[in-house]
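>>> Any chance you can model this:
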Amino acid sequence: MVQFTEELVRGSHLFALSLALRRFNPIVRQGANLGAWQIISPGKNAASGTLLMVDSLKDTMQMPSTDHKVVVAFRVGGDEDPPDWVAAVITPDTPDVLSHVAVRARNVNLLFVTCYDPEILDKLRLLEGQNVAVKVGAGGDVDVRAAAPGQAAATQAAAGGQHGDSSAQHMSGHEAAMMKLRLANSELELHHDDAASAPPLNDARYVIQVADFTRALVGSKSFNTARLHQLADRLPDW
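The predicted structure is shown next:
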């Protein structure tokens, strides 16, 4: 395994062409009467919070907050990790549905939608700083309207809480299971280690090679990738 499949795809001319074709999405959707909304992640079909306008979704990653917010982000790169206080994300951008942020949103039940109608976005600007409720209809339409704090709380409760709670439940269940996956009867073991049992980090280097990856220096994804590289020489040449 010399390269990840994603690296091969993103390095091709087809990927560059796909980025250019995204500009035609609004025109195609309008001609096909597909509506102004694309649902990347429906979450629990409802969310609520204070409306926050940001230039980029990355801006929220360094923002502290004590209350839930519905974020309107005009740029989404695809590699963001929305904080737990983000109740929903609305964007005119078109992130890849298989990007990190899209997959993450679906995993934690975060409502994440794209809006192609600039008039709707202009109306949302008027609601900045107010409590709003967001609902996803059965037909794929999205309704965003001002809501009193009590009504917003009721919407949140009906949705079963925000995505942070779902993520915590998922992680606790995963950690409790402590399941191991063995690949092709090899020595490779993919498992979730207890962070408290990891040895202290004594290496002061800023950059390390793949051969030097250990569980104390890198995360599980990087460590297991290194193990896959070690196994590559032992696989048959197909």
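>>> Can you list the strands that the host helix or strand of residue 87 pairs with?
Take DSSP states H and E as the rule and residue 87 turns out to sit in strand 86-91. If you go by DSSP bridges, strand 86-91 pairs up with strand 69-75 (parallel), strand 111-115 (parallel).
>>> Using JSON lines, lay out those together with mean pLDDT and mean neighbour count.
All C-beta atoms are positioned from the backbone trio N, CA, C, and that covers glycine. Converted to JSON lines, the strands paired with strand 86-91 look like this (pLDDT from 0 to 100; neighbours: other Cβ atoms under 10 Å):
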{"stretch": "strand 69-75", "mean pLDDT": "96", "mean neighbour count": "21"}
{"stretch": "strand 111-115", "mean pLDDT": "95", "mean neighbour count": "24"}
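>>> Residue 58: which of the ones you listed is closest?
strand 69-75 (8.1 Å; Cβ to Cβ).
>>> And for that closest one, what's in contact with it?
47-57, 59-60, 82, 85-93, 121, 124, 128, 132, 134, 144 (Cβ atoms under 8 Å, 6 or more residues apart in numbering).
>>> for it, the distance to its chain's centre please.
13 Å (Cα atoms, centre = their mean, to the nearest Å).
>>> Could you look up the SS state of the residue nearest the centre of the chain?
Centroid check for the chain by Cα atoms, centre = their mean gives residue 101 as the closest residue, at 2.3 Å. Put simply, residue 101 is helix when judged by DSSP: H, G, I helix; E, B strand; the rest coil.
>>> who touches it in this structure?
57, 76-82, 95, 112.
>>> can you check residue 81 too?
With contact set as Cβ under 8 Å, 6+ apart, residue 81 has these partners: 61, 100-101, 104.
>>> I'd like to know which of the contacts of strand 69-75 are part of helices.
Among the contacts of strand 69-75, the members falling in helices are 121, 124 (criterion: DSSP state H).
>>> Are any of the contacts of strand 69-75 buried, and if so which?
47-54, 57, 60, 82, 85-92, 121, 124, 132, 134, 144 (16 or more other Cβ atoms under 10 Å).
>>> between the longest strand along the chain and strand 69-75, how many degrees?
Taking DSSP state E as the criterion, the chain has its longest strand at strand 46-56. Strand 46-56 and strand 69-75 are oriented at 40 degrees to each other (axes from the mean of the first three to the mean of the last three Cα atoms, to 10 degrees).
>>> Show me the strands paired with strand 46-56, marking each as parallel or antiparallel.
Partners of strand 46-56, by DSSP bridges, with direction: strand 69-75 (parallel), strand 131-136 (antiparallel).
>>> out of the strands paired with strand 86-91, which comes closest to residue 40?
Of all the strands paired with strand 86-91, strand 111-115 comes closest under Cβ to Cβ, at 4.4 Å.
>>> Identify the residues contacting the closest one?
36-47, 87-95, 101-102, 105-106, 121, 134, 136, 142, 163.
>>> Restricting to C-alpha, output that strand in CSV.
The C-alpha trace of strand 111-115 is given here as CSV (Å, rounded to 0.1, in the frame of the first residue of the first chain):
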residue,chain,number,x,y,z
LEU,A,111,-27.7,18.6,11.2
PHE,A,112,-25.7,19.8,8.2
VAL,A,113,-27.3,21.3,5.1
THR,A,114,-26.3,23.3,2.0
CYS,A,115,-28.5,26.2,0.9
